[in-house]
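[1] Kindly generate the corresponding structure for this input.
(chains A, B, C and D)
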4 protein chains.
Amino acid sequence: MSHAQPVWRKALAEGLGTGLLVTVVVGSGIAAAKLSPSDVGLQLLENSFATALGLAVLILTFGPISGAHFNPVVSAVDWWLGRRTGTGLTAQDVSAYIPAQIVGGIGGAILANLMYGEAAVSWSATHRSAGHLYLGETVATAGLILLIFTLAATGRAQLAPLAVGAYIGAAYWFTSSTSFANPAVTIGRAFSDTFAGIAPSSVPGFAAFQIIGAIVGTALVAILFPSAGAAADDVVTPHTETTAGASS
Amino acid sequence: MSHAQPVWRKALAEGLGTGLLVTVVVGSGIAAAKLSPSDVGLQLLENSFATALGLAVLILTFGPISGAHFNPVVSAVDWWLGRRTGTGLTAQDVSAYIPAQIVGGIGGAILANLMYGEAAVSWSATHRSAGHLYLGETVATAGLILLIFTLAATGRAQLAPLAVGAYIGAAYWFTSSTSFANPAVTIGRAFSDTFAGIAPSSVPGFAAFQIIGAIVGTALVAILFPSAGAAADDVVTPHTETTAGASS
Amino acid sequence: MSHAQPVWRKALAEGLGTGLLVTVVVGSGIAAAKLSPSDVGLQLLENSFATALGLAVLILTFGPISGAHFNPVVSAVDWWLGRRTGTGLTAQDVSAYIPAQIVGGIGGAILANLMYGEAAVSWSATHRSAGHLYLGETVATAGLILLIFTLAATGRAQLAPLAVGAYIGAAYWFTSSTSFANPAVTIGRAFSDTFAGIAPSSVPGFAAFQIIGAIVGTALVAILFPSAGAAADDVVTPHTETTAGASS
Amino acid sequence: MSHAQPVWRKALAEGLGTGLLVTVVVGSGIAAAKLSPSDVGLQLLENSFATALGLAVLILTFGPISGAHFNPVVSAVDWWLGRRTGTGLTAQDVSAYIPAQIVGGIGGAILANLMYGEAAVSWSATHRSAGHLYLGETVATAGLILLIFTLAATGRAQLAPLAVGAYIGAAYWFTSSTSFANPAVTIGRAFSDTFAGIAPSSVPGFAAFQIIGAIVGTALVAILFPSAGAAADDVVTPHTETTAGASS
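    Presented below is the predicted three-dimensional model:
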């Protein structure tokens, strides 16, 4: 059962994981912008390379505790899909996961700022609001939800670290919005006026279309895998029976 | 049995998968050309990085439903190789898969255009026709067919997501034509006058040599794995028994 | 048991592995700086690409003999966590591993220098000392320890080659210090006045904060996986029963 | 038994595989030099990205038939290590593999030339001869041999596609010679006066030090895995029982 872990430990894992994800995104963005000043595409290549690898590692690390959601819309969809079969997150879990993800995301941005000798907090001045960017966030989030719940529904959630890392690495490029796809990470990225930042005033728009994307993705899951809810315990990656101290 | 899914759902998966593949190819091409204006090689590196990861993820996502062909010549060869053993796609499947792939491919190009704030459709003006490019497409498609049917014939089709993604990532570079290797994707790419586009007048030539490449690849499979047809159910990736709702 | 191998062979594996890791880091740094003179970010991308792949391969290669620690703080933490359960390295092992790692690291830098036609030894003049860099080393090392011991504690240490390679590839970018995270490698890198070098006078500071990071990481492991010590035999990657000559 | 395949089919697989490997190396080198004219490092990054992915795919494809040696020194060492236990290649196999590899390598260079609209053959004018380059080839080949035979000796040869691809991708960077590490590929690369070429007069020197590297690597294998010979059937990747037509 995914409830074998106390809620505090799962929330801690979500906070640390989301935080370090933002540290990876923001930190590698700062390094890229500083070291490759003359080509923004090269900066994004560096940023996406680091994020794809780092996200995979973070899901591997925290998955056994909390499932490695790191994303409020993933946690909400997991609760929604599993609510009838008694699988997935409980309402209580969700109410612990989401605040932990948001607080972690903010902390992660601050950590990145400090590691690069910047002020702890600097509000991003990068405005990101336009219809085509919102379409980008919708596509990015729908694809993420479809991927995650498909892997669980087909018994392959142990591939999630690699698959989700690869997805985000690609989505940085194929979506116009560079695929934030995550309200907690979006909030965190408002706290750093650097390459990966987003102006606070742009956060609500991005979050709204991330929610819309999550709904689209959930609808696709329901059409393609009608019984997906039964596998909600394995989202993003299996986290049952995995805390026994030793291998085999 | 691969027939456990209704045909409409398999066709939907092929349409969505092929469409999103074109979205990845075209979308990341637009981003690359815009962000790295001074080095075409860097653009192709960004484009191939995104495509390799994105294609792997799409095969993981839609494979359990339809096998994740996303490619008319793959579907046709699968039917051909399995026709004697009663494995692989039926003629009815093929007649649903191929239109879905083509419609999906066009839709994916339109989605990419819209995500980047371009007109929904702009015919590509990039002419691609020359003997050495046709040789490139022949090699690219032969290699793809050989890879896919070898994995199935040797019981390793569960590696197809990673392997096919890696193959296309490499083939962008080692073939002179940047490895379209797929008539449905080629048609879709005609609908976007951007980095990854191909002029409509160049589409028939590319498609013709993709078919020739598929024949070459099928001949190689027949020589190297005489009994490959018996494994045609597992092409591109296994899609039998995978829709039970939960993991073990 | 991990003690099935004689200590000399395990120490040899640690020396060769740590040495070749430094050869990869320093050698690819020399190539990157020489071939991409106009963009330091591109140099780091090349360096991190080579290091991620090379480190994964070295863990695969030497893991079955010694566990592929290649890092004094990993060996020390492994001894510490396993001391009560009689798992992990013995004090005798540690006293063989750490000197082998340091000697190997120095040898690896010399080999890289010689392969590129440089003097065998040239002391690095790259000063790396600042509070934010020390924070970077702390984060980098804490994350490495958390990853390695989480994989062991959850029976997934066979994923360590890929995971540790990916982690370092990302950490080159998201930490301000480019993630040395390893006292033996840090010492080795002092012996080459090239891209990846570190001035000898900066080594003690880096090593000190690597130790602090290891303590932070160990504390996180203790909080998240209270019974982690029982799996200390599988660190970094399983090295028990793996020297039988043949596969099944 | 690895002898279940007729020799002609194994030799065909070696010829095709080595040929396509040279096509990948030379073809992606031509593309890189043409598309990224202003940064040689970026060219090598593109070349190494394509080679790492392409080599992994080729080992996956041809491995089940012949083991995917693609390299005379690998075949020779495999025969040598297995000669006492009756495992690995027979002398007859070796005398079929090596000519096939060389002929394939030449054919692959010609195919790459033709795909890019060049003359079928143009002797390379890139002289590569210096002591430090020879040291590079020695290290590159020793590491390759150690990796391949370690994986077999420890029952993990099914990881060879990924591991050998990653190794070469890294070794392009950490060795001064860009890691040819293969006499057949070296000969093939003499037939193309492009990025990846090598002057015919430099071939014997490279081949000589590749042989020396193979001897060093074999010695390391003997020290670290005394019973490695018993697993010689699984080199580079398992090729026994894998031609049954279908997956389970």
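
[2] Residue A:152 and chain D, how far apart?
    Per Cβ to the nearest Cβ, to the nearest Å, residue A:152 is found 23 Å from chain D. Placement of C-beta: from N, CA and C, glycine included.

[3] Now do the same contact list for that residue.
    A:228, A:231-232, A:234-236, B:247 (Cβ atoms under 8 Å, 6 or more residues apart in numbering or on different chains).

[4] For these, point out the one with the lowest pLDDT.
    Among those, residue B:247 carries the lowest pLDDT, at 38.

[5] Buried subset of the contacts of residue A:152, written for PyMOL?
    Buried members of the contacts of residue A:152, defined by 16 or more other Cβ atoms under 10 Å in any protein chain shown, are picked up in PyMOL with:
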select buried, (chain A and resi 228+231+232+234+235+236) or (chain B and resi 247)
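
[6] Check residue A:4 and give its pLDDT.
    Note on residue A:4: pLDDT of 73.

[7] cool, and the one 10 residues further on?
    Looking at residue A:14, its pLDDT is 98.

[8] who does the helix or strand in which it is found touch, helix- and strand-wise?
    If you go by DSSP states H and E, residue A:14 is part of helix A:7-35. When contacts are defined as 3 or more Cβ pairs under 8 Å, 6 or more residues apart in numbering or on different chains; DSSP states H and E, helix A:7-35 sits against helix A:40-66, helix A:91-115, helix A:183-189, helix C:40-66, helix C:160-174, helix C:203-224.

[9] Which strands or helices does the fifth one pack on?
    By that I understand helix C:160-174. With contacts taken as 3+ Cβ pairs under 8 Å, 6+ apart, helix C:160-174 sits against helix A:7-35, helix A:40-66, helix C:40-66, helix C:131-153.

[10] Run the angle between the longest one and helix C:203-224 for me.
    It refers to helix A:7-35. On the basis of axes from the mean of the first three to the mean of the last three Cα atoms, to 10 degrees, helix A:7-35 is oriented at 150 degrees to helix C:203-224.

[11] Only the buried residues of helix A:7-35, if you could.
    A:7, A:9-33, A:35.

[12] In chain A, what residue lies closest to chain D?
    residue A:42 (9.0 Å; Cβ to the nearest Cβ).

[13] Quick check: that residue touching residue A:33?
    No - the pair residue A:42 / residue A:33 is not scored as a contact, 10.2 Å apart, by Cβ atoms under 8 Å.

[14] what's the offset of stretch A:79-94 from the middle of its chain?
    Remark: stretch A:79-94 is offset 19 Å from the chain centroid, using Cα atoms, centre = their mean, to the nearest Å.

[15] neighbours of the residue lying closest to residue A:117 once chain neighbours are set aside, just the number please.
    Spatial nearest neighbour of residue A:117, chain neighbours left out: residue C:132 (3.9 Å); criterion: Cβ to Cβ, 6 or more residues apart in numbering or on different chains. Residues lying near residue C:132 (other Cβ atoms under 10 Å in any protein chain shown) number 15.

[16] Next, the distance between the ends of stretch A:28-47.
    5 Å (Cα to Cα, to the nearest Å).

[17] before we move on, back to that, tell me the contacts of the residue nearest to residue A:117?
    A:114-117, C:176.

[18] May I ask which of the residues you listed has the most neighbours?
    Neighbour max across those (other Cβ under 10 Å) = residue A:115, 27 neighbours.

[19] Now for the nearest residue to it once chain neighbours are set aside: which residues touch it?
    Excluding the flanking residues, the one nearest residue A:115 by Cβ to Cβ, 6+ apart is residue C:176, at 4.5 Å. Listed by Cβ under 8 Å, 6+ apart, the contact set of residue C:176 reads A:27, A:31, A:115-117, C:132-133, C:135-136.

[20] hang on, the earlier thing: can the helices and strands packed on helix A:7-35 go into JSON lines with extra columns for mean pLDDT?
    Compiled in JSON lines, the helices and strands packed on helix A:7-35 are given as follows (pLDDT from 0 to 100):
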{"stretch": "helix A:40-66", "mean pLDDT": "98"}
{"stretch": "helix A:91-115", "mean pLDDT": "98"}
{"stretch": "helix A:183-189", "mean pLDDT": "98"}
{"stretch": "helix C:40-66", "mean pLDDT": "98"}
{"stretch": "helix C:160-174", "mean pLDDT": "98"}
{"stretch": "helix C:203-224", "mean pLDDT": "98"}
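
[21] mind checking which of those is nearest residue B:210?
    Closest of the helices and strands packed on helix A:7-35 to residue B:210 is helix A:40-66, at 29.2 Å (criterion: Cβ to Cβ).

[22] before we move on, back to that, quick one: pLDDT of the residue nearest to residue A:115?
    Here, the pLDDT recorded for residue C:176 equals 98.
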